[in-house]
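heads up, no residue letters with this:
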């Protein structure tokens, strides 16, 4: 594994220096607390990559979708960092203690980002970490974090683990010329109405290779569905188009010049059609994509080439919802964040 490139060094330094603002996370009841791990490591060129998963098709929520390792807190005493580390251990086998890593590997807790409000009404706290690798030596093979640590998955929760170029989440196209050879587009996005607010839906398509993606253990008879070469007959869900614009009035606030507000995304958009693992690119979208964009903005000190929500996370909205009695310990049957609920929350004086 190569040493950090100058850009990667600056990115890690920026993340270390990021002053996490006050959070509503600890005001949420235990049942509403969740955390995800943004685990960064260095590739052979010294660039940063981030670890993601494809959720098991048998899960109740977000089955077959790409996600950051993470989940709900176990106790009120468990910090977001401890939650993220525990969930990463359960899902991808990432040790929670440095002494349990292969020699030379350690994990550094860099920072935490503002909470995001999930569609399941959880406050999700992103925790950013850097995986330090041992230096290469004449007696040892070159360290490779993906090879040495990632292929240890819990098939009940995770169908696959894969890595993506971190800086590329600020770009509209694949930065690596080799990635461009993989069928599909890196980025598509559009503005949508989410409970009367403009919300940017990022839709990334991460190229899959044998060295960047690992499947959970299956029976010996199982055949790896990932194509070894791009198959023109396969239409990857990763590069599926967003719904076409409807006759919505252009948003007057919060949108950049020339933007238009499209209707709310249908539920079918969030479902994965076909075998998510049989695609040449894995689709990363929604809250996961937004978290990665925001993390990259902090790390590299750059704004994306594409339009985006300028604020980080949803701390203010979580605070407002708590003040009107939402995000309670128990979620009522059929309870959803309707336009009326969000409008009532926005009227709360802060």
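Happy to help now that I have it. These numbers come from a predicted model, not from an experiment.

make it CA atoms for all contacts and neighbour counts henceforth
Noted.

Now do the helices in this protein.
6-17, 80-92, 145-149, 286-300, 315-323, 339-346 (DSSP state H).

what's the least confident helix or strand in this protein, going by average pLDDT?
Least confident helix or strand, the chain: strand 261-262 with a mean of 53, by mean pLDDT, DSSP states H and E.

on that earlier part again, out of the helices of the chain, point me to the one whose mean pLDDT is lowest.
When the helices of the chain are compared by mean pLDDT, helix 145-149 comes last with a mean of 70.

burial count for residue 293?
By the measure other C-alpha atoms under 10 Å, the count of residues near residue 293 is 24.

For it, give me its contacts.
169-170, 304 (C-alpha atoms under 8 Å, 6 or more residues apart in numbering).

Low-confidence stretches in this protein?
1-2, 57-63, 136-143, 146-147, 149-157, 195-196, 216-276 (pLDDT under 70).

Just want the most central residue of it.
For the chain, the residue sitting closest to the mean C-alpha position, by C-alpha atoms, centre = their mean, is residue 288 at 3.0 Å.

hey, what's the closest residue to it other than its chain neighbours bridged with?
Spatial nearest neighbour of residue 288, excluding adjacent residues (C-alpha to C-alpha, 6 or more residues apart in numbering): residue 67 at 5.9 Å. Beta bridges link residue 67 to residue 53 when assigned by DSSP bridges.

burial measure for residue 67, as a count.
The burial count for residue 67: 24, using other C-alpha under 10 Å.

what's the spacing between it and residue 160?
Applying C-alpha to C-alpha, to the nearest Å, the value for residue 67 to residue 160 is 10 Å.

got a list of what the residue lying closest to residue 117 once chain neighbours are set aside touches?
Leaving aside its chain neighbours, residue 117 sits nearest to residue 123 (5.1 Å; criterion: C-alpha to C-alpha, 6+ apart). By C-alpha under 8 Å, 6+ apart, residue 123 lies in contact with 25, 28, 32-35, 115-117, 318.

got the end-to-end distance for stretch 307-318?
Terminal residues of stretch 307-318 are spaced 24 Å apart (C-alpha to C-alpha).

Give the buried residues for that stretch.
Buried residues in stretch 307-318, defined by neighbour count with 16 or more other C-alpha atoms under 10 Å: 307-309, 312-318.

Show the contacting residues for the closest residue to residue 13 other than its chain neighbours.
The shortest distance from residue 13 to any non-neighbouring residue, by C-alpha to C-alpha, 6+ apart, is to residue 299 (7.8 Å). By C-alpha under 8 Å, 6+ apart, the contact set of residue 299 is 10-15.

and residue 340, how many neighbours?
Residue 340: 11 surrounding residues under other C-alpha under 10 Å.

Please tell me how far the residue lying closest to residue 50 once chain neighbours are set aside sits from residue 73.
Spatial nearest neighbour of residue 50, excluding adjacent residues (C-alpha to C-alpha, 6+ apart): residue 40 at 4.6 Å. Counting by C-alpha to C-alpha, the gap from residue 40 to residue 73 is 22 Å.

repeat for residue 319
Counting by C-alpha to C-alpha - residue 319 and residue 73 are separated by 19 Å.

same check, this time on residue 29
Taking C-alpha to C-alpha, one finds residue 29 at 10 Å from residue 73.

What are the boundaries of the strands in the stretch 51-200 of the chain?
Along the stretch 51-200 of the chain, the stretches classed as strands by DSSP state E, counting those that start in this stretch are 66-67, 70-72, 106-112, 116-117, 123-132, 158-165, 187-194, 197-207.

possible to save the ones you listed as a markdown table with distance to residue 181?
A markdown table is the format used below for the strands of the stretch 51-200 of the chain (distance: least, C-alpha to C-alpha, whole Å):
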| stretch | distance to residue 181 |
| --- | --- |
| strand 66-67 | 22 |
| strand 70-72 | 31 |
| strand 106-112 | 33 |
| strand 116-117 | 34 |
| strand 123-132 | 29 |
| strand 158-165 | 16 |
| strand 187-194 | 15 |
| strand 197-207 | 9 |
